[in-house]
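J.: Here is a sequence with its predicted model. Questions after.
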Amino acid sequence: MGTAEAPFDFDTFFYAQYDRTARAIARVIRDPARAEELAVEAFWKLWQQRQAHGDKAAGWLYRVAMRTALNELRRQARSSRYESLAESPRASPTPEQAHAAAEEQKHVRLVLAAMEPRKAELLLLRGGGLSYEELASALDVNPKSVGSLLSRAQQAFRKEYVKRYGEPNNER
């Protein structure tokens, strides 16, 4: 009983992909040190399931890394919300400005949460600075289709936003 393919070499794969994975996460969460920790978590998940992914490990890892980054963004949002309740107000923005900014952020988060997960993920990844090529790799799609997928995701966001909150900038 011989196998046609070589066993998955996790160590080589780790050294080849770790920096790229940590940078991709850092582009989403804007914290390189935390991104390194999250990259290790993504590799740990791969290690636990390494036999199941084989030649698809790079795409699988990238998707897990992006989902881990998105989860981190959600965790940070919850954390900041709770921390802001405990902190004294800062002098910079006026109360109206702070309230408006917080409301807008809340609206965006709620709209993203209500959207189809793949579309929300695409918008967050693009907003995190990923190129079309990187988006295609992360989502395992043809690079030529990224533009139309992104356009559909933006339309879905706008439609959901308008449905929930009306047209943006209604003030005249």
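T.: Here it is on my side, so go on.
J.: And the lowest mean pLDDT element among the helices and strands of the protein?
T.: Lowest by mean pLDDT, DSSP states H and E among the helices and strands of the chain is helix 50-53, with a mean of 68.
J.: Helix or strand next in line after it, which one?
T.: Next helix or strand after helix 50-53 toward the C-terminus (DSSP states H and E): helix 57-86.
J.: What residues of that following helix count as buried?
T.: By neighbour count with 16 or more other C-beta atoms under 10 Å, helix 57-86 contains the buried residues 57-58, 60-66, 68-70, 72-73. Every residue, glycine included, has its C-beta placed from N, CA and C.
J.: Among those, find me the one that's closest to Leu150.
T.: Met66 (14.8 Å; C-beta to C-beta).
J.: I'd guessed that closest one sits against Asp140; true?
T.: No. If you go by C-beta atoms under 8 Å, Met66 and Asp140 don't touch, sitting 11.1 Å apart.
J.: pLDDT weak spots in the protein?
T.: 1-6, 51, 53-54, 82-91, 169-172 (pLDDT under 70).
J.: separation between the closest residue to Pro168 other than its chain neighbours and Tyr132?
T.: Excluding the flanking residues, the one nearest Pro168 by C-beta to C-beta, 6 or more residues apart in numbering is Tyr161, at 6.9 Å. Using C-beta to C-beta, to the nearest Å, Tyr161 is found at 24 Å from Tyr132.
J.: cool, and Val64?
T.: 21 Å.
J.: ok, now Arg67?
T.: Taken as C-beta to C-beta, the span from Arg67 to Tyr132 is 20 Å.
J.: Which residue ranges of the protein form helices?
T.: Secondary structure of the chain, counting by DSSP state H: helices at 10-29, 32-48, 50-53, 57-86, 95-114, 117-127, 132-139, 146-165.
J.: got the end-to-end distance for stretch 140-154?
T.: 19 Å (C-alpha to C-alpha, to the nearest Å).
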